[in-house]
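# With the input below, show me the fold.
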Amino acid sequence: DGSGVTVPGPLLTDPARLDGPADWVLLAVKAHQTAGAAGWLSALCGPGTVVAVLQNGIDHVERVGPLAGEADVLPVVNWCPVEPVAPGRVRQRDALRLAVPAGAAGEGLAALLGAHAEVTVGGAFELEAWRKLCANAVSGVMALAGRPAEIFALDDVREVARALAHECAAVARAEGVEFTDRDADDVIAW
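Presented below is the predicted three-dimensional model:
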């Protein structure tokens, strides 16, 4: 509908122009761009900073921690259903849902974003992180084919997706997370 959210504040393009550490940093670059954000993280992070990592993956702390200094790194599972509608434009189809581990940082993010997102604190966070990783792996089939989810109606494509989902489940279990083949099948059904 053309509406959006405007966040007031300065637009800075050089981390050297920052006044000092921030209370919160929302890191929303792609995982392969994390190293490129190192200058910003160095300038924005201090002992009281929480870096909420809004990236896909399960290794947020290991990837971002070395770049965040003394800041607390908060892994976030991000479910933001969007679809491209025109070059450079996307439409958000449903509410932003975030999941974070239990603790003060997670509670703080829920308070910070509560009006703009559904934030689940605690619960089965590791399982949710693997569920999202599995969904991303399966969604890669859509990206490769350049087609929306309707492509999974094709038996052979659905079987490829199912194999990917079951492989994700097996890796999760090897990492100590109880992600069952049934959970993987639920991702495919979704």
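
# Compute the first-to-last residue distance for stretch 13-20.
Here the two ends of stretch 13-20 are set 15 Å apart, with distance taken as Cα to Cα, to the nearest Å.

# List the contacts of it.
Outside stretch 13-20, the residues that touch it by Cβ atoms under 8 Å, 6 or more residues apart in numbering are 12, 39-40, 42-44, 46. (Glycine included, C-beta is placed from N, CA and C.)

# from the residues you listed, which is closest to residue 115?
Proximity to residue 115 was ranked across the contacts of stretch 13-20 by Cβ to Cβ; first place goes to residue 44, at 22.9 Å.

# Contact partners for the closest one?
With contacts defined as Cβ under 8 Å, 6+ apart, residue 44 is in contact with 15, 18, 21-22, 25.

# which of those count as buried?
Restricting these to buried positions leaves 21-22, 25, with burial counted as 16 or more other Cβ atoms under 10 Å.

# Identify those among the contacts of residue 44 that sit within helices.
When the contacts of residue 44 are checked against helices using DSSP state H, none is located there.

# May I see those residues organised as a markdown table, with distance to residue 92 and pLDDT added?
As requested, these are arranged in a markdown table below (distance: Cβ to Cβ, whole Å; pLDDT from 0 to 100):
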| residue | distance to residue 92 | pLDDT |
| --- | --- | --- |
| 15 | 29 | 92 |
| 18 | 29 | 90 |
| 21 | 31 | 94 |
| 22 | 25 | 94 |
| 25 | 22 | 96 |
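
# now the strands for this protein?
With DSSP state E as the definition, the chain shows strands at residue ranges 24-27, 50-53, 72-75, 77-79, 82-86, 89-92, 97-100, 118-121.

# out of those, which comes closest to residue 61?
Nearest to residue 61, of all the strands of the chain, is strand 72-75, at 4.8 Å by Cβ to Cβ.

# Pull up the gap between residue 84 and residue 26, please.
Using Cβ to Cβ, to the nearest Å, one obtains 22 Å as the distance from residue 84 to residue 26.
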